[in-house]
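**Student:** coordinates for the following, if possible.
(2 chains)
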Amino acid sequence: MQTETHTAKAQLGAAQLPDVVDQRNPGLPLDMDWVRAVQVNTSAVERRAGTIGARRSVKKDYQAAWLLKAITLIDLTTLAGDDTENRVRRLCAKARQPVRQDLLDALGVDGLTTGAVCVYHDMIEAAVDALHGTNIPVAAVSTGFPAGLSPFHLRVAEIGESVKAGAQEIDIVISRRKVLTGDWQGLYDEMRTFREACGDAHVKAILATGELGTLRNVARASLVCMMAGADFIKSSTGKEGVNATLPVSLVMMRAIRDYYDRTGIKVGYKPAGGISKAKDSLTYLALVKEELGDDWLDPHLFRFGASSLLGDIERQLEHHVTGHYSAGYRHAMG
Amino acid sequence: MTIKEIFDSMDYGTAPESASEAMAWIHDHGATFGLFIDGAWTKPGDTFETKNPATGEVLAKITQAGADDVDAAVRAARKAQPGWAKLSGHQRARKLYALARLVQKHARLFAVLETLDNGKPIRESRDIDIPLVARHFYYHAGMAQLQDAELPDREALGVAGQIIPWNFPLLMLAWKIAPAIAMGNTVVLKPAEYTSLTALFFAQICDEAGLPKGVVNIVTGDGAVGEAITAHEGIDKIAFTGSTDVGRIIRKATAGTGKSLTLELGGKSPYIVFDDADLDSAVEGLVDAIWFNQGQVCCAGSRLLVHEPVAERFYTKLKARMAKLRVGDPLDKSIDVGALVDPVQHDRVSKLVEAGAAEGDVFQAPAEMPATGCYYPPTLITGMSPAASLMQEEIFGPVLVATTFRIPEEAVAIANNTRYGLAATLWSENVNLALDIAPKLAAGVVWVNGTNMFDAAAGFGGVRESGFGREGGWEGLLAYTKPKRKPATLKPIPAVAAPKGAKVDELDRTAKLYIGGKQARPDGGYSKPVWSKSGALLGHVSLANRKDVRNAVEAATGAAGWARTTGHARAQILYYIGENLSARADEFASRINALTGGRSGRAEVERSIDRLFTYAAWADKYDGAAKPVPLRGVALAMNEPVGVIGQFCPDDHPLLGLVSLIAPAIAMGNRVVAVASEPFPLAAADFYQVLETSDLPGGVVNILTGSHAELAKPLAGHLGVDAVWSASGADMSSLIEYESAGNLKRTWVNHAIDRDWMGAEGEGREFLAQATEVKTVWVPYGE
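**Tutor:** Take a look at the predicted model:
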């Protein structure tokens, strides 16, 4: 095991040179020694997460630039039972032009888009169509989202269908029951299968951390999913009682960091659900910068799963440009 | 940089807190400050400059108080004290509550002033120092409110002289002033020379709160002002927080004056990381342990002890974390490490590191450093051995020294291999390990899986050369109150002189010393006769010398296992001693009568048995506490034995005096070296025969006989003794307190005030408190 990880790291030495696209996570054999050795002290994690906002504060032009960055990291999302194709097209239009042009002009930036658009399987084709001519990928939630309790072969087949329909990113949900019963091999095998079904599409593993019970489980599940080849690990479906939180995010980021330290492979992180304020997004970005580093402040390695965050950022940006507090209706809806 | 460029670089930029309000406040005072005495500002006298260490800029001129100013302040405090103490607890509570509210109201101004004057990051003064200050006044408003009901047997000490350091200027002021005035004392407080501004602003809010004049007096200046306070006869208590060296000087200066003293001194606190710890969290904890306030923290986790299996991985993670630390303008809200307090401190830290660097591998954080100002990079020195000077000396800067250990026992040994004993931190996810190690660490505060946690409800203070006394909690009130007693002057009792034409007994019976559970001949080989008042030779008594003290302390030290016995086991032995004494009651009664020439022998024996029962009862009932700190977790106040206690027994009650001192001590798990009544020593010699038959392990109680005055110096000066009590009729309080400065052992001496040993004041909680140290163990939890 040790030999393999060292080899992986050595091979990646070259891949970490600037301007070279990072290698996709090929995964590792399940290393239960590593998984079992995971320790997470909840109180200490909460203290770190609770003070990051007060330790790092970005103001003025820096704040505006960071908020613009946050926009590029958003998976603009609609996951509702009443979604229609037109609703999705509207969202895609917002993804293409997330901020009013006059504000972008004033801020001196252009070509800004969100990181992706995230929809259910049936909406993929409409989204792909609406985003034609942009580099914005379509992400599809999959594998019986959000509960992941449909027949396994159907969940695997769903991935294939979504990829065929044009999704470049697949957000799968893990079987929480495998975590809760300690079936790490089962979780690993499931994730491996999902990853293979994705082919060239990138796979985000949704842990649904609000249903995993403990931060220790979050850390273990994060590691197992990365070992099984997840390109991203994602906190939540947005449908659990508790979705993305800073402590959960910290634990997942530290798992990613440990994985990188041992393998040289960078896995992405996506907090989802509950991040709706511009200020919260800055806190998350500071946490990413501190715990993972600047490399992760990039849509290849970090996304926000959010639907209402963009609106608040737009208002803050207008305030930055004009000096006056803004109103929601002054910004185009998605 | 353009927004586009920032978008690409994702730098933090700066987020400066405005200093304008604080500067305006300084300028409203003409940037020159007098002293706050008797509720009014004096005209500024000779002044010195106080500077912003981040920039070198002069902030204001501060008055250097003279001896007459200190005198005026003490007189004002003296005058105000009776009236202040006479107010009801509720009336004082209202004033403390008003102070708490005003601190909150002016929180931002206090925070900015603190950062300007001290150089600590604004995040810390804003989020930690000032909220803790408000909390301390709230908490002690409550103590004032409850005083009448809960502390009916205690009263204020009088006037407290308080000398505080520059590292937490306002917080240390709060720790000193809040409990003092809550209990009805008045104060003369001297802030540190580097950092007077927040104390001066505090004087202003005392006025706003309508505190009666003279209750709080603030005098500024250098060490000479501290000396004047320490030496002033009108002061009843000195409370000092600062260096161990100065603490020692104060201990000597106040020796024999009757001033009560508490000292919160230096530290070299261990930070232990076990292999089953959450390593990332332990690394983050170090940021709060040693880079908090630039490491200028008495309880800083400055000695890192890492379990060998994870040491390399831990160091790698730590170095990566250090690379993220931001050093710079303390007013910037995104700064982790600000400026050291003064160029003098910067020099000191630099020189210590230069001198000691060769003893290990030095890593300094690759942080961008400001070109000017008192900045020092976060530093880690690994590969240290306990013998390295930097593992022993307090650096008081952002410098962490590290070593490794193999097994938990070795971690404890390395952790305790220090003259200090303020705080300790340990990280483990194993509750068995954590709760086993915490009590074994020589420290007043232990943090499990966290560090530098403070709260007004939890006692803070050290053992060994980190000082004595606790701040915070009920235990903190002991430092500002005393038992209500009618003082009676102690009259020394001379030994009965040899009668003319003394008859020599045919049987030469010489009582030996009792050391390590065995009867021992005195090292010097001398003894002296003991006569009854009627002229009969009662026997000979051994005269112990300094080597017998050494042997007795060695035996007591060796009996350390006693501290780990259960309260129940100690109770059984104390009952058994009482039972065996009871069986020989007649014999002891006659002996006492013969020695003292009185008829109270029977009553004294009965009271001695009663007292043994009292402490047998207490042995398993002197409870600790779970403190209601604002944390998901517990802060346990555990009563631990002090260690080895030297005791000089009262002259007048040859048996009861001995029992009254040793029983509370051993009930709490201490070992003692007791020096028997000097004029009437033979009852103690008889008593060790009782001990010998009572299953008491050897070395727990050692009994010496001889001259108190001669034994006081070696016992009080012994660096392996943790406390000395004296109830002797000989006037030794001054000598004992002076000699205790060597290792800053706790002293409890009578200052020639008598105590009614037969009555209620001869036993109880006062004795138990002296026999214990409160250790606060913080255990945050949650899965």
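**Student:** tell me which stretches of chain A form helices.
**Tutor:** When secondary structure is read from DSSP state H, chain A shows helices at A:2-15, A:32-36, A:42-55, A:60-72, A:85-96, A:101-107, A:124-130, A:152-165, A:176-180, A:184-198, A:215-227, A:246-263, A:278-291, A:309-322.
**Student:** residues contacting A:G148?
**Tutor:** Taking CB atoms under 8 Å, 6 or more residues apart in numbering or on different chains as the criterion, A:G148 is in contact with A:R155, A:I172, A:V173, A:I174, A:S175, A:R176, A:A208. Using the backbone N, CA and C atoms, a C-beta is placed for each residue, glycine as well.
**Student:** buried among those? Make that a ChimeraX selection.
**Tutor:** In ChimeraX, this line selects whichever of the contacts of A:G148 come out buried by 16 or more other CB atoms under 10 Å in any protein chain shown:
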select /A:155,172,173,174,175,176,208
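**Student:** now render the contacts of A:G148 as a markdown table, adding pLDDT and distance to chain B.
**Tutor:** Converted to a markdown table, the contacts of A:G148 look like this (pLDDT from 0 to 100; distance: CB to the nearest CB, whole Å):
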| residue | pLDDT | distance to chain B |
| --- | --- | --- |
| A:R155 | 98 | 30 |
| A:I172 | 98 | 27 |
| A:V173 | 98 | 24 |
| A:I174 | 98 | 20 |
| A:S175 | 98 | 22 |
| A:R176 | 98 | 17 |
| A:A208 | 98 | 18 |
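**Student:** filter the contacts of A:G148 down to the ones in strands?
**Tutor:** Mapping the contacts of A:G148 onto strands (DSSP state E) picks out A:I172, A:V173.
**Student:** nearest spatial neighbour of A:S162, skipping sequence neighbours?
**Tutor:** With CB to CB, 6 or more residues apart in numbering or on different chains as the criterion, A:S162 has its nearest non-adjacent residue at 4.2 Å, and that residue is A:A140.
**Student:** give the contact list for the one you found.
**Tutor:** A:C118, A:V119, A:Y120, A:H121, A:I124, A:S162, A:A165, A:A167, A:E169, A:I170, A:D171.
**Student:** neighbour-wise, give me the winner out of these.
**Tutor:** Ranked by neighbour count (other CB atoms under 10 Å in any protein chain shown), these have A:C118 at the top, with 32 neighbours.
**Student:** I'd say that residue and A:I74 touch.
**Tutor:** No: using CB atoms under 8 Å, A:C118 makes no contact with A:I74, being 9.3 Å away.
**Student:** any idea how far the most centrally placed residue in chain B lies from B:L263?
**Tutor:** Geometric centre of chain B, nearest residue: B:F468, 2.0 Å, by CA atoms, centre = their mean. Counting by CB to CB, to the nearest Å, the gap from B:F468 to B:L263 is 6 Å.
**Student:** any chance you could list residues touching both of those two?
**Tutor:** B:L744.
**Student:** would you mind listing what in chain B touches chain A?
**Tutor:** By CB under 8 Å from any CB of the partner chain, the part of chain B that sits against chain A consists of B:1-4, B:6-7, B:10-15, B:123, B:127, B:276-282, B:284-285, B:316, B:324, B:333-334, B:336, B:427, B:429, B:449-450, B:632-633, B:780-783.
**Student:** picking up where we left off before, state the phi and psi torsions of the spatially closest residue to the residue nearest to the centre of chain B that is not a sequence neighbour.
**Tutor:** Among residues not flanking B:F468 along the chain, B:R746 sits closest, at 4.9 Å (CB to CB, 6+ apart). Main-chain torsions, B:R746, degrees, to the nearest 10: phi -70, psi 140.
**Student:** okay, now B:R746: neighbour count?
**Tutor:** 21.
**Student:** quick one, what contacts B:L656?
**Tutor:** Contact analysis of B:L656 by CB under 8 Å, 6+ apart lists B:E604, B:R607, B:S608, B:R611, B:W757, B:M758, B:G762.
**Student:** if we go to 7 Å?
**Tutor:** B:E604, B:R607, B:S608, B:R611, B:W757, B:M758 (CB atoms under 7 Å, 6 or more residues apart in numbering or on different chains).
**Student:** please apply the same query to B:L96.
**Tutor:** By CB under 7 Å, 6+ apart, B:L96 lies in contact with B:F137, B:H140, B:A141, B:A144, B:A178, B:I181, B:A182.
**Student:** isn't there a helix covering it?
**Tutor:** Yes: counting by DSSP: H, G, I helix; E, B strand; the rest coil, B:L96 is found in a helix.
**Student:** check what pLDDT it gets.
**Tutor:** pLDDT for B:L96: 98.
**Student:** the residue lying closest to A:V38 once chain neighbours are set aside: how many residues sit nearby?
**Tutor:** Among residues not flanking A:V38 along the chain, A:A219 sits closest, at 4.7 Å (CB to CB, 6+ apart). Neighbourhood size, A:A219 [other CB under 10 Å]: 24.
**Student:** about what we covered before: of the contacts of B:L96, closest to chain A?
**Tutor:** Of all the contacts of B:L96, chain A sits closest to B:F137, with 22.8 Å by CB to the nearest CB.
**Student:** B:I250 touches B:I235, doesn't it?
**Tutor:** No: the criterion here is CB atoms under 7 Å, and B:I250 misses it with B:I235 at 11.8 Å.
**Student:** what sits against B:G267?
**Tutor:** B:C298, B:C299, B:E394, B:Y420, B:L422, B:A423, B:G462, B:S466.
**Student:** how deep is the last one tucked in, by neighbour count?
**Tutor:** In other words, B:S466. 30.
**Student:** for it, give me its contacts.
**Tutor:** B:L265, B:G266, B:G267, B:Y420, B:G421, B:L422, B:G444.
**Student:** ramachandran angles for the closest residue in space to B:A625 that isn't next to it in sequence?
**Tutor:** Nearest residue to B:A625 in three dimensions, chain neighbours excluded: B:A637, at 4.4 Å (CB to CB, 6+ apart). Main-chain torsions, B:A637, degrees, to the nearest 10: phi -100, psi 110.
**Student:** how close does B:A637 sit to chain A?
**Tutor:** According to CB to the nearest CB, to the nearest Å, B:A637 stands 20 Å off from chain A.
**Student:** can you check B:Q294 too?
**Tutor:** Noted for B:Q294: a distance of 15 Å to chain A, by CB to the nearest CB.
**Student:** thank you kindly, that will do.
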